[in-house]
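Visitor: 3D model of this:
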Amino acid sequence: MADEEKAFKLAEKICGWEGVAACECYAKSLTESTYDVLAKTENGQLVEGTIAGPRDLERFLGYIDVVVSLESKNFRNYPNFEER
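Guide: Predicted structure coming up:
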């Protein structure tokens, strides 16, 4: 399976999570299973991270759950980036 196809499937999976409006994944050149991920939540925040396996994917999901519940109070994201 090509890196592009894996990245697409990863983005599809992340977009299926509650609270995620859009997602982009880019394969890193370091290994074939490491991806940079950028997700936009339904409340308008961007969440970024690097996923290198199933454990990191679970952590990313947990982080998105926190971001969605915090709305614009999260200090590690870019709240209301569309307003700028």
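Visitor: Now Trp17: which helix or strand?
Guide: Counting by DSSP states H and E, no helix or strand carries Trp17.
Visitor: for Ile64, same thing?
Guide: In the assignment (DSSP H and E), Ile64 maps to helix 54-70.
Visitor: now that helix, how far from the centre of its chain.
Guide: Relative to its parent chain, helix 54-70 has a centroid offset of 8 Å by CA atoms, centre = their mean, to the nearest Å.
Visitor: Buried residues of it, list them for me.
Guide: Of all the residues in helix 54-70, those buried under the rule 16 or more other CB atoms under 10 Å are Asp56, Leu57, Phe60, Tyr63, Ile64, Val67, Val68, Leu70. In this view, the C-beta of every residue, glycine as well, is placed from N, C-alpha and C.
Visitor: quick one: which of these is nearest to Thr50?
Guide: Asp56 (7.2 Å; CB to CB).
Visitor: I'd guessed that closest one sits against Thr50; true?
Guide: Yes - Asp56 is in contact with Thr50 according to CB atoms under 8 Å; the separation is 7.2 Å.
Visitor: From the rest of the structure, what touches the helix holding Ile64?
Guide: 10, 13-14, 17-20, 37, 39, 41-43, 45, 47, 49-51, 74, 77 (CB atoms under 8 Å, 6 or more residues apart in numbering).
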